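K.L.:
Requesting a structural model of the entry that follows:
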Amino acid sequence: MVDSPRKRKKQPDVVRQALLDCATRLALEHGLAAVSLQAVASAAGVTKGGLFHHFPNKQALVQAVFDGMMESFDREIDDELERDSGGHGTFTRAYVRTLFADRALNSSPWSAQTMTVLADPYSKNLWHKWINDRLVRHAGTDAGTRLEIVRLAADGAWLAHVLGPDDHTGSDDAAVLRELIELTRRDN
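P.N.:
Numbers count the residues shown, from 1 in each chain. Model (predicted):
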């Protein structure tokens with residue numbers, strides 16, 4: 001929450017980030033439907049007019065939240081890539097580990113945005129562009145049907161996590177993760 005408008009010096013970047021943080025938190029806690037412009041403005045301690053200064057409508061706000069989440073996800077992938085030993089399946093291992101790390105945290109903003117990616121053309125296009133760019137960048141290590149199957153299985157595990165019960169009964173995430181990672185190390 002930012003200071004009240006009367007006490008606050010003009011800090012547009014701080015206000016914009018507070019709006020994005022509040023919108024993300026509302027989506028995480030209550031779903032995307034809870035992300036109304038008034039709710040976000042109130043949570044951030046700004047007027048609705050202040051919100052409109054940064055985002056002309058809800059769609060622009062949701063797109064900015066998704067853009068920020070994609071940037072964060074990209075950084076997480078890069079961190080995993082740096083920790084990997086390299087070679088066959090490098091990107092796929094980073095991708096799988098990042099998805100499963102978010103599953104373990106059980107509070108990932110991706111939980112709130114998964115359905116948005118499925119339904120919103122902007123988010124869907126941004127996701128497809130991101131994954132295609134990454135696959136082109138890592139074509140030397142991550143081409144091939146087996147690695148595609150591993151990524152698709154990780155996507156399916158993530159979707160099952162998002163749609164499943166909160167207690168994840170019956171799912172041994174650690175075993176699934178180990179098996180998927182093992183599959184990335186085989187060339188055939």
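K.L.:
C-alpha only now, for contacts and for neighbours.
P.N.:
Will do.
K.L.:
contact partners of stretch 135-154?
P.N.:
Stretch 135-154 is contacted from outside by 87-92, 95-96, 99-100, 180, 183-184, 188, using CA atoms under 8 Å, 6 or more residues apart in numbering.
K.L.:
Recalculate using a threshold of 6 Å.
P.N.:
88-89, 96 (CA atoms under 6 Å, 6 or more residues apart in numbering).
K.L.:
a markdown table for the residues you listed, including neighbour count and pLDDT?
P.N.:
Shown next, in a markdown table, are the contacts of stretch 135-154 (neighbours: other CA atoms under 10 Å; pLDDT from 0 to 100):
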| residue | neighbour count | pLDDT |
| --- | --- | --- |
| His88 | 18 | 95 |
| Gly89 | 28 | 96 |
| Val96 | 24 | 95 |
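K.L.:
Quick check: of those, which lies closest to Asp74?
P.N.:
Of all the contacts of stretch 135-154, Asp74 sits closest to Val96, with 12.9 Å by CA to CA.
K.L.:
Name the nearest residue to the closest one, ignoring sequence neighbours.
P.N.:
Among residues not flanking Val96 along the chain, Ala154 sits closest, at 5.8 Å (CA to CA, 6 or more residues apart in numbering).
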